[in-house]
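> heads up, no residue letters with this:
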């Protein structure tokens with residue numbers, strides 16, 4: 001059977017048992033998300049075991065069969081993030097990002113927020129505010145999916161001044177005139193600033209500024225509702241993260 005050898009490097013998003021000891025992992029690389037069979041990946045004594053643990057960054061030499069099914073030949077762990085398992089706020093935050101990637105992006109999709117995910121993991125591991133990071137990453141997913149709201153001016157008339165409101169249904173900012181016509185309320189300035197920031201900040205600056213908690217929680221709740229309404233997809237880990245955050249476990 002014809003084969004093709006390839007080298008991949010990326011982050012383990014999920015891992016499931018295949019047979020008695022093998023594993024199937026979902027790997028996020030710079031190019032795409034892809035599934036790989038890892039022989040003896042569920043055998044704790046195997047050298048491949050560490051490379052099937054979620055959150056870790058790994059290098060994998062693969063054999064690609066004619067069916068395009070990848071099988072790992074050799075694995076190496078590049079970054080070990082399993083210490084985050086011991087911190088509930090960190091592990092929940094990363095689970096949110098992983099679930100978003102798994103549910104909204106198909107294997108071999110070319111447009112995927114790899115660099116946002118990489119910097120997101122770095123920020124979580126370094127102890128930066130997980131709420132800010134989760135919100136920015138969720139916003140990057142919305143943008144990559146093509147649902148980015150207009151935050152450069154009024155979504156209806158294009159005016160860049162007198163912005164007083166925002167509407168997910170309308171698709172962005174609203175000026176005072178358009179807000180009055182649509183009967184939407186005047187919003188808190190912090191809320192409007194957060195919305196603009198999270199859809200404009202690039203991956204290199206996502207751990208530069210900690211955003212105000214109240215506005216972050218509100219926007220993240222709205223994004224959760226937006227994803228469910230638009231794509232009929234529930235992000236269960238996001239429910240758990242928000243519940244944990246509201247209990248004061250920052």
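In hand now; what should we look at? Quick caveat: nothing in here was measured; it's all calculated off a predicted structure.
> got the residue ranges for the helices in the chain?
Here the chain has its helices, by DSSP state H, at 88-104, 114-126, 130-144, 176-182, 189-200, 213-231, 236-246.
> shouldn't residue 210 be in contact with residue 133?
No. At 9.6 Å, residue 210 does not count as touching residue 133 under the criterion of C-beta atoms under 8 Å. (Each C-beta comes from the backbone N, C-alpha and C, glycine too.)
> who's more crowded, the two?
Neighbours were tallied for residue 210 and for residue 133 using other C-beta atoms under 10 Å; the higher tally belongs to residue 133 (26 against 12).
> and the protein, what are its domains?
In the assignment given by automatic domain parsing, the structural domains of the chain cover 3-80, 83-152+159-246.
> Distance of residue 44 relative to residue 26?
From residue 44 across to residue 26, the span is 20 Å (C-beta to C-beta, to the nearest Å).
> which one of the domains of the chain has the lowest average pLDDT?
The weakest mean pLDDT among these belongs to domain 3-80, with a mean of 89.
> quick one, longest strand in the protein?
If each strand of the chain is counted by residues according to DSSP state E, the longest one is strand 3-18.
> Helix 114-126 and that one, what's the angle between them?
50 degrees (axes from the mean of the first three to the mean of the last three C-alpha atoms, to 10 degrees).
> Which strands and helices lie in contact with strand 3-18?
Where contact means 3 or more C-beta pairs under 8 Å, 6 or more residues apart in numbering; DSSP states H and E, strand 3-18 is packed against strand 22-29, strand 33-38, strand 57-65, strand 70-79, helix 88-104, helix 114-126.
> out of residue 44 and residue 26, which sits in the busier spot?
Taking residue 44 and residue 26 together and counting by other C-beta under 10 Å, residue 26 has the greater number of neighbours (21 against 8).
> Am I right that the more buried one is in contact with residue 32?
No. When contacts are counted by C-beta under 8 Å, residue 26 is not listed as touching residue 32 (10.8 Å).
> which residues are common contacts for those two?
residue 107 (C-beta atoms under 8 Å, 6 or more residues apart in numbering).
> Centroid-nearest residue for this structure?
With distances taken as C-alpha atoms, centre = their mean, the chain has residue 97 as the residue nearest its mean C-alpha position (3.2 Å).
> Quick check, that one in contact with residue 119.
No. Residue 97 is beyond contact range of residue 119, at 11.0 Å (criterion: C-beta under 8 Å).
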